[in-house]
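>>> give the three-dimensional model of this entry:
(chains A, B, C and D)
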2 protein chains.
Amino acid sequence: MTIAARKEREKEEMRSLILDAARKIFLEKGYYLASIRNIAEEIEYSPGTIYLYFKDKDEIFHALHEEGFRKMLEKMQPLEHVTDPFERLKAMGLVYLEFAKNNKDFYDLMFIIQAPIKHEQEKEEWQMGHRTLDYLKNVLRQCQQKGHFKNQNVEFLSFTIWSTMHGMCALYCRDRCKAYPEIEPMELMKNGYHSFVAMLEKL
Amino acid sequence: MTIAARKEREKEEMRSLILDAARKIFLEKGYYLASIRNIAEEIEYSPGTIYLYFKDKDEIFHALHEEGFRKMLEKMQPLEHVTDPFERLKAMGLVYLEFAKNNKDFYDLMFIIQAPIKHEQEKEEWQMGHRTLDYLKNVLRQCQQKGHFKNQNVEFLSFTIWSTMHGMCALYCRDRCKAYPEIEPMELMKNGYHSFVAMLEKL
DNA sequence: TTGTTTACTGAACACTGTTCAGTAGATTTG
DNA sequence: CAAATCTACTGAACAGTGTTCAGTAAACAA
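Below is the predicted model:
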């Protein structure tokens, strides 16, 4: 059994090796400019080898995609301990912004790049998305119980909030913040976020 | 002179022909999947011909990019006649949303896809962006004179508003509205926008 | 009619994702 | 231990990509 175990381990290690190289190349060049040959060269194997561990380029991409979501959810975990729902909502926004700042390329890969999506993968990823969105909606409902967002529909409000956060991060990732040459991108994001929180507070 | 004039005209016509085909292919497949050979086939010329009219694939892309901005600014023109600045601001948002809805692929091409940008092109496009952004900031300042947005910094507020609008459109273009399976995408956008306007009104 | 200019072609180059026959080495069997 | 099998890997091949450029045929000027 020890041999089979070792082989299993080696297989897992090889997958990691490929994924590490892929992460580097994908985050450097983006989906379309990253090539299998680049990744193969990085780990000093032939291109064909990669196909022994991943079905195609897309499967590698989606493995990284999932990794990104795990990374983000990890950062969100500690917020469970913030009891006041509005405070938790505000903290969630900051964590989101912070994640985009610290993992610019990951954010791009997770939320902006659209790689050809196979149906099986789609399901899994939507589950991830639904869970996150449901969490947001719950926080909003809790806020409503505390008197916030009177007469607001949680579905639409959650979309607005998601849009604003995503919009900021998308503009940041694609360097559109240059449109404000006088202001540091992160200062812009933080203060833009404060503007938005001010709106939420008065709503 | 008539011959030279005709040649000039023919050259212009050929450019248009290429651009028409390119628009079709680019909007169908996106930047990376659209190929010069596809475009050439569409107009029944050899691939080499296209390079007699455009420096490279990028130049074609940016010609379409510009076309998109002209299209959008055209839709914004009539809003000059809305005298109340806050009403104008609200109308601008709707026009923006409407544009993304009616020109989904164009919006994607204009605001989400990032093609390798050459420095010369960058300048022109930033001018476009700066002008639009300056216009937004001016409207916001006029709103402030009418009592809106007290104690708000126009720079940051404009970024927040831009982010929200772009966020909605980006989620729409990349089919993220599916996260709300019960709600029609455009209903989501319109109502999300109303949520946002409600916030702006109270700010 | 001859010479020149112009518009266009399509083969070539270096790249891409992906497949698959072939191989060298590790493992199992007799 | 030797022979057979099995496994992991290779790298050439295929059809595609953007781009270049020598060659050509038609339109124009002399």
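>>> tally of neighbours for the residue of chain A at minimum distance from chain B?
Going by CB to the nearest CB, chain B is nearest to A:Gly167 of chain A, at 2.7 Å. All C-beta spots, glycine's among them, are computed from the backbone N, C-alpha and C. Applying other CB atoms under 10 Å in any protein chain shown, we find 25 residues neighbouring A:Gly167.
>>> so it is in which element?
helix A:154-173 (DSSP states H and E).
>>> so which elements touch that helix?
helix A:85-102, helix A:104-107, helix A:119-145, helix A:185-202, helix B:154-173, helix B:185-202 (3 or more CB pairs under 8 Å, 6 or more residues apart in numbering or on different chains; DSSP states H and E).
>>> picking up where we left off before, the residue of chain A closest to chain B touches B:Trp162, doesn't it?
Yes - judged on CB atoms under 8 Å, A:Gly167 makes contact with B:Trp162 at a distance of 7.2 Å.
>>> which residues do those two both contact?
Shared contacts of A:Gly167 and B:Trp162 (CB atoms under 8 Å, 6 or more residues apart in numbering or on different chains): none.
>>> helix, strand or coil: sort out A:Ile60 for me.
helix (DSSP: H, G, I helix; E, B strand; the rest coil).
>>> returning to that earlier point: dump the C-alpha coordinates for the helix holding A:Gly167 into PDB.
The C-alpha coordinates for helix A:154-173 follow below in PDB (Å, rounded to 0.1, in the frame of the first residue of the first chain):
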ATOM      1  CA  VAL A 154     -33.700  43.400  -0.200                       C
ATOM      2  CA  GLU A 155     -33.300  41.800  -3.600                       C
ATOM      3  CA  PHE A 156     -32.800  45.100  -5.400                       C
ATOM      4  CA  LEU A 157     -30.800  46.700  -2.600                       C
ATOM      5  CA  SER A 158     -28.400  43.700  -2.500                       C
ATOM      6  CA  PHE A 159     -27.800  44.100  -6.200                       C
ATOM      7  CA  THR A 160     -27.100  47.800  -5.900                       C
ATOM      8  CA  ILE A 161     -24.600  47.200  -3.100                       C
ATOM      9  CA  TRP A 162     -22.900  44.400  -5.000                       C
ATOM     10  CA  SER A 163     -22.800  46.500  -8.100                       C
ATOM     11  CA  THR A 164     -21.100  49.400  -6.300                       C
ATOM     12  CA  MET A 165     -18.500  47.200  -4.700                       C
ATOM     13  CA  HIS A 166     -17.800  45.300  -7.900                       C
ATOM     14  CA  GLY A 167     -17.800  48.500  -9.900                       C
ATOM     15  CA  MET A 168     -15.100  50.000  -7.700                       C
ATOM     16  CA  CYS A 169     -13.000  46.900  -7.800                       C
ATOM     17  CA  ALA A 170     -13.500  46.400 -11.600                       C
ATOM     18  CA  LEU A 171     -12.400  50.000 -12.300                       C
ATOM     19  CA  TYR A 172      -9.500  49.500  -9.900                       C
ATOM     20  CA  CYS A 173      -8.400  46.200 -11.600                       C
END
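>>> run the chain-centre distance for it.
13 Å (CA atoms, centre = their mean, to the nearest Å).
>>> now do stretch A:125-145
Centroid separation for stretch A:125-145 versus its chain: 16 Å, with CA atoms, centre = their mean.
>>> quick check: closest non-adjacent residue to the residue of chain A closest to chain B.
B:Gly167 (2.7 Å; CB to CB, 6 or more residues apart in numbering or on different chains).
>>> close to DNA strand C, is the lowest-mean-pLDDT helix or strand in chain A?
Within chain A, no helix or strand scores below helix A:119-145, which has a mean of 85 by mean pLDDT, DSSP states H and E. No - Helix A:119-145 is not in contact with DNA strand C by CB under 7 Å from any atom of the strand; minimum separation 13.2 Å.
>>> how far away from the center of its chain is that helix?
14 Å.
>>> for stretch A:140-155, same thing?
Worked out by CA atoms, centre = their mean, stretch A:140-155 lies 26 Å from the chain centre.
>>> low-confidence regions, chain A specifically.
Residue ranges of chain A with pLDDT under 70: A:1, A:115-121.
>>> DNA strand D contacts on that one?
Within chain A, the positions adjacent to DNA strand D are A:7, A:11, A:14, A:45-49, A:52 by CB under 7 Å from any atom of the strand.
>>> which ones among these are found in helices?
With helices defined by DSSP state H, the entries of these inside them are A:7, A:11, A:14, A:47-49.
>>> name the nearest of those relative to DNA strand D.
DNA strand D has its nearest neighbour among these in A:Gly48, at 2.0 Å by CB to the nearest atom of the strand.
>>> state the distance from the closest one to B:Ser158.
Going from A:Gly48 to B:Ser158 by CB to CB, to the nearest Å gives 52 Å.
>>> these two: who's more crowded?
B:Ser158 (24 against 9).
>>> the more buried one: what's it in contact with?
By CB under 8 Å, 6+ apart, the neighbours of B:Ser158 are B:133, B:136-137, B:140.
>>> I'd like those residues laid out as a markdown table, including neighbour count and distance to B:Arg174.
Listed next are the contacts of B:Ser158 as a markdown table, based on neighbours: other CB atoms under 10 Å in any protein chain shown; distance: CB to CB, whole Å:
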| residue | neighbour count | distance to B:Arg174 |
| --- | --- | --- |
| B:Leu133 | 18 | 23 |
| B:Leu136 | 19 | 24 |
| B:Lys137 | 16 | 28 |
| B:Leu140 | 22 | 28 |
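>>> need those residues in TSV (columns: distance to A:Tyr193).
Formatted as TSV, those follow (distance: CB to CB, whole Å):
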residue	distance to A:Tyr193
B:Leu133	19
B:Leu136	18
B:Lys137	19
B:Leu140	17
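>>> any figure for the gap between the residue lying closest to A:Asp105 once chain neighbours are set aside and A:Arg141?
Distance criterion CB to CB, 6+ apart; nearest residue to A:Asp105, sequence neighbours excluded, is A:Leu27 at 3.8 Å. Taking CB to CB as the measure, A:Leu27 falls 36 Å from A:Arg141.
>>> the two: which is more packed in?
Using other CB under 10 Å, the more surrounded residue of A:Leu27 and A:Arg141 is A:Leu27, with 17 against 13.
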